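> Sequence below, structure please.
(one chain, ligands or ions: 1)
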Amino acid sequence: MEILNKKKDLKQFFSLLTKADDRILMLDYDGTLAPFNPDRNKAYPYSKAAGIVNRILLDNRCRVIIISGRTIDDLLKLIKFEPMPEIWGCHGYEKQLPDGSRFTETVSDVNKDTIRCYEEALRFAGLDKYCEKKSLGIAVHWRGCSMDMINQIKTQVNQIASKIKNHSVHVSDFDGGKEIRIKDIDKGSAVNKIMSTATVGSVPAYLGDDLTDEDAFRQMGDIGLKVLVRDKPRLTLADIRLVPPDELVWFLGKWRELCL
Ligand SMILES: [Mg+2]
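Numbers count the residues shown, from 1 in each chain. Sure, this is the predicted structure:
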């Protein structure tokens, strides 16, 4: 484990977690709970980590929330928790509660039309096979491509973006591609909504690996614990860095033990 924020007292965090009535464990999926797989449909979670998360869910001593860029339907093909956690998909556009009820954010027709414009332009540019179409947004993946191909995809996506004039829809970077998204819907706004329902004195932690998780870290500020799950260091707002899967398994085990 690497301590990134010297001001964060980990012992104090664990002590607060033990005493708290309201604990919130927020987990990104790809790169955090699951290793990357060239075939994204086979990115199953680390078995030991998933096992502990399932035990935490069974203990029912804290709120467990998976927050992913994937759609909820996509995630449900990869995770088999019993009981199910709360899931926020498409960076918080869609939400499924443990009882299976679903909600989506309200998005204007203009913004939906803009996403459709991107979809058509990406298809016209021959990038269809790199695209993951979501219920709201499109991720263009280049994991496994040559450097030349990556540069070509980047150039084409940037050219398309320069022609589409809607500042509410933007192109953001993630580890392994670019994503066309609605500006105000990101993991930071998801964390904001989750924390607005938390009680005073709640103890949250957010675990993530990617650039999109930095929005969540930024939103958390000094509250709780921000955990970068990544084998290599990078510039981040996180408090600590855990190398998966072993240190992730240690952290989840510690979380469970302190919540019992
Ligand atoms: Mg991730």
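
> Give me the domain ranges for this structure.
As given by automatic domain parsing, the domain ranges for the chain are 2-105+185-259, 109-182.

> will you turn the ones you listed into JSON lines that also has distance to the ion and mean neighbour count?
No exception for glycine: its C-beta is placed from N, CA and C like everyone else's. As requested, these are arranged in JSON lines below (distance: least, CB to the ion, whole Å; neighbours: other CB atoms under 10 Å):
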{"stretch": "domain 2-105+185-259", "distance to the ion": "4", "mean neighbour count": "18"}
{"stretch": "domain 109-182", "distance to the ion": "7", "mean neighbour count": "16"}
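
> now these as JSON lines including mean pLDDT?
As requested, those are exported to JSON lines (pLDDT from 0 to 100):
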{"stretch": "domain 2-105+185-259", "mean pLDDT": "96"}
{"stretch": "domain 109-182", "mean pLDDT": "93"}
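
> With only the CA atoms kept, save the one helix or strand Asp73 maps to in PDB.
Asp73 is part of helix 72-76, with elements assigned from DSSP states H and E. Extracted as PDB, the C-alpha positions of helix 72-76 are listed here (Å, rounded to 0.1, in the frame of the first residue of the first chain):
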ATOM      1  CA  ILE A  72     -26.100  -1.900 -15.700                       C
ATOM      2  CA  ASP A  73     -27.200  -4.700 -18.100                       C
ATOM      3  CA  ASP A  74     -23.600  -5.200 -19.200                       C
ATOM      4  CA  LEU A  75     -22.400  -5.400 -15.500                       C
ATOM      5  CA  LEU A  76     -25.100  -7.900 -14.600                       C
END
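
> backbone phi and psi for Lys178, please?
The phi/psi pair for Lys178 (degrees, to the nearest 10) reads phi -130, psi 150.

> Can you name every helix or strand that whichever helix or strand comes after the helix holding Asp73 contacts?
Tracing the chain C-terminally past helix 72-76 and defining elements by DSSP H and E, one meets strand 86-89 next. If contacts are counted by 3 or more CB pairs under 8 Å, 6 or more residues apart in numbering; DSSP states H and E, strand 86-89 sits against strand 63-67, helix 72-76, strand 94-96.
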